[in-house]
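Asks: Next comes the sequence, and after it the predicted model I'd like to discuss.
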Amino acid sequence: MLRLALLAALLLAPALGAQIVLSGTSYSQNFNSLGSGLPTGITCRTPISATDNGYSIVPSPTPKEWHNASLQGNFYNFASATGMTGSEDVATQNAALNRSLGIRQSGSYGDASSNPPTPPCFLFTISSTPGFTGFAMSLDLMMLSVQPRSTTWTIEYRIGTTGTFTVIGTYNDPGAFGTTPFSYNFGSALDNVNGTIELRVAALNSSTGTGTRDSFGIDNFSLTWSVAATPPPTITGIAPNTGPAAGGTSVTITGTNLSGASVTIGGAAATGVSASATSISCTTPAGSAGAADVVVTTAGGNATLVGGFTYGAGPTINTIAPQQGPAAGGTSVTIDGANLSGATSVLFGASAATITANTANQIVCTAPAGSGVVSVSVTTANGSDSVSGAFTYIAAPVVQLCTPGTGPDTGGANVTITGLNLAGATSVLFGGAAATNVASSAGSITCTTPSHVAGTVDISVTTPGGSHTLTGGFVYTVSGTPIFSLKEGAAGAQLTDGAPVATGGYRDYGSLNVAGGTLSRTFVVQNNGSASLTVNTVVFAAASADFTLTATGLPAAVSAGGTYSFTVTFDPGSAGAKAAQVQITHTDAGQPSPFSLNVAGNGVAQSVALVFATASPLADGVLGVAYTPVQFSVSGGSAPYTYSLASGTLPAGLTLSATGLLSGTISAAAATGPYSFTVRALDSANAFNDKVFALTVRANPTVGGAGGGGSGGGGCSTNEDAAWILAVAMALCCAVALRRRMA
């Protein structure tokens, strides 16, 4: 019930933003109207700490008696001790017009030693004190119900709503009913405060002693002050409110009563201060990264904008990669570091890079054109950082001559390329083909030519500084004869021009379901000659909706002993026989060009109208025994039908014919147990249907046995056992008959 009461109190708590707004020269509160609720700016709170005010709790507005120990802990509307002795009955207490705001502590509420700990306080929140000075306060602290357990209360204040309170007085349990007046002069501590002030009467420490806890109350709160001769300043804003830690940011502070002001930011004096009644312009001093208070001081006092200006940490460059690039620019460069967000510029020397990505720890930019070794600098709103000699521009290569300038089309010629800025060559291309064994210096490159079709080609060289092409720089000469051959896959048979498709062969794609079945086969062109072979085109003789051709990189130069592969995929779009012809043009004069490759397949569609008459499971089979043939049959399609094994495995020794006959002798070495396989029936209209069949293979009972002793081992067959048993039975019958006759 107590937890429910606390929850209700929290839900009904007054708005935390309510504050006492001062006017004139005094403020007082006697709590005589608590039946209508708490006065504005005064709250009861728990659980509190040295720096936190906890939650606002709504006290019971109905008059309650001090001495009622059965009351659960809470804040209450008590009669004031003023004019009373402590022995008044309930009716007298509750009828009293002079009220106080009090608390009845208990073992579960209002005590730092309660369960859970709920240290309480009475909080007075004052909005601000601009133009007011010389504050003094008075307050009556009341022991309303003297009990064995005692509580110590402290009177304290702070400026703002965070941080530690300053203790200005202590109330120790006097052990007797009555009032203890308290007063305090704040001196200048509360003068001209441009922000919230909190005063509280708090019980932060556990009560002492044992037994029942006291009822404690406060009454007759009073605060007095004087009006300042010169109105204090106020600050309403500062713009801009961020800048580099190095200082130097021009800012404008707005507010009231600012004439003749001086300014500090983070405790350091601003420079170039020029003030009017409503604004100040100045330049920020150097400071430390983070939020800094802005303080304006005039003859009327001080005004503080807490955390009003934020010093940003300047950028730091840690690494730059890559550290070189072509003089033409365009290199993507990544700069890693700290405080890089919002970079306004990245300079390579004096030239601006293009920023493409920017986070707090990284900048990605595109280097501008330049030359030589340059510094790299980053600038943000909070400053700059620079790294000397961080990036080197590399001049673009110039290819002038290749010696020798000719070589065989089979490649393998060792050549020297001369020119300028060739060091660090990353690529040397002859007609688009990469040279090997590349070694480079500033003035030359040595390498080995790749194979290429005979003719004049360009030489292209790429270095970190860029690329350059020598047009017609090398001539490939014919060195032998290319020999064209076409194979079914890398290790397949060699094909002849226009060879027909043989059923079951590599070029026969078989039957594929039109509802999603595809099959790809790779064909390989091999150059068995001594000169480079060029494969110019690989195309269908006529467009095909059922076959797809994949042949890339044409025309392709196939070096002696080399290969070129292409793929033909069968994906029937409808049922029925399908065929296509691939034509390959090449440079072997000894073979037909185009060279024709025929491919074929059959599209089939599943039909539930095609029904198997054969039931499953099939009869069991026995190891080493001829299996009773099973003739599969279907109905509902277009005869004749062909049968095949679609999936699964038959027992070793059994075969399924195209006419649907399952027969054979199960191998004695076959595994025993159940077998599952799928039989496919295909009709003459290219419709098919599948059915799963089960067949169990058992061991042969006439083979093997337990062995009857003796060195020969082995056992008896079933027929031998039966004959032996019959003989024994007949002998017994004869013995019985003879015995009866003798009797």
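Replies: That came through fine.
Asks: Check the offset of stretch 192-206 from the chain's centre.
Replies: Centroid displacement of stretch 192-206 relative to its chain, using CA atoms, centre = their mean, to the nearest Å, is 46 Å.
Asks: can you offset everything so residue one is 225?
Replies: Done: numbering now begins at 225, and the last item shifts to stretch 416-430.
Asks: which parts of that stretch are buried?
Replies: 416-419, 421-428 (16 or more other CB atoms under 10 Å). Quick note: C-beta positions are derived from backbone N, CA and C, even for glycine.
Asks: In this structure residue 845 contacts residue 919, no?
Replies: Yes: counting by CB atoms under 8 Å, residue 845 touches residue 919, with 6.3 Å between them.
Asks: overlap in contacts of the two?
Replies: Shared contacts of residue 845 and residue 919 (CB atoms under 8 Å, 6 or more residues apart in numbering): residue 875.
Asks: now the helices for the chain?
Replies: Taking DSSP state H, the helices of the chain run over residues 226-235, 314-319, 942-966.
Asks: Which strands or helices does the shortest one pack on?
Replies: Contacts of helix 314-319 with other secondary structure elements, assessed using 3 or more CB pairs under 8 Å, 6 or more residues apart in numbering; DSSP states H and E, are made with strand 284-288, strand 298-303.
Asks: Export those strands to CSV and append columns for distance to residue 872, mean pLDDT and mean neighbour count.
Replies: Below are the helices and strands packed on helix 314-319 laid out as CSV (distance: least, CB to CB, whole Å; pLDDT from 0 to 100; neighbours: other CB atoms under 10 Å):
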stretch, distance to residue 872, mean pLDDT, mean neighbour count
strand 284-288, 85, 94, 16
strand 298-303, 82, 95, 26
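Asks: Would you format these as CSV with distance to residue 628 included?
Replies: Listed next are these as CSV, based on distance: least, CB to CB, whole Å:
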stretch, distance to residue 628
strand 284-288, 110
strand 298-303, 106
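Asks: Among those, which comes closest to residue 630?
Replies: strand 298-303 (106.5 Å; CB to CB).
Asks: The closest one packs against which elements?
Replies: strand 284-288, helix 314-319, strand 323-328, strand 439-451.
Asks: of all those, which lies closest to residue 902?
Replies: Judging the helices and strands packed on strand 298-303 by CB to CB, what sits closest to residue 902 is strand 284-288, at 84.3 Å.
Asks: Read off the pLDDT value for the most centrally placed residue in the chain.
Replies: Of all residues in the chain, the one closest to the mean position by CA atoms, centre = their mean is residue 583, 17.4 Å from it. Confidence at residue 583, expressed as pLDDT, is 96.
Asks: if I look at it, how far off is residue 563?
Replies: 11 Å (CB to CB, to the nearest Å).
Asks: swap in residue 795?
Replies: Look at residue 795 and residue 563: by CB to CB, they are 58 Å apart.
Asks: try residue 811
Replies: According to CB to CB, residue 811 stands 64 Å off from residue 563.
Asks: now do residue 362
Replies: From residue 362 to residue 563 the distance is 53 Å (CB to CB).
Asks: go on, residue 604?
Replies: 7 Å.
Asks: Now the common contact residues for these two.
Replies: With CB under 8 Å, 6+ apart, residue 604 and residue 563 have common neighbours 536, 538-539.
Asks: Just these: which are in strands?
Replies: residue 536 (DSSP state E).
Asks: Save the shared contacts of residue 604 and residue 563 as CSV, and put in distance to residue 643, pLDDT and neighbour count too.
Replies: Below are those laid out as CSV (distance: CB to CB, whole Å; pLDDT from 0 to 100; neighbours: other CB atoms under 10 Å):
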residue, distance to residue 643, pLDDT, neighbour count
536, 50, 90, 20
538, 45, 89, 19
539, 41, 94, 27
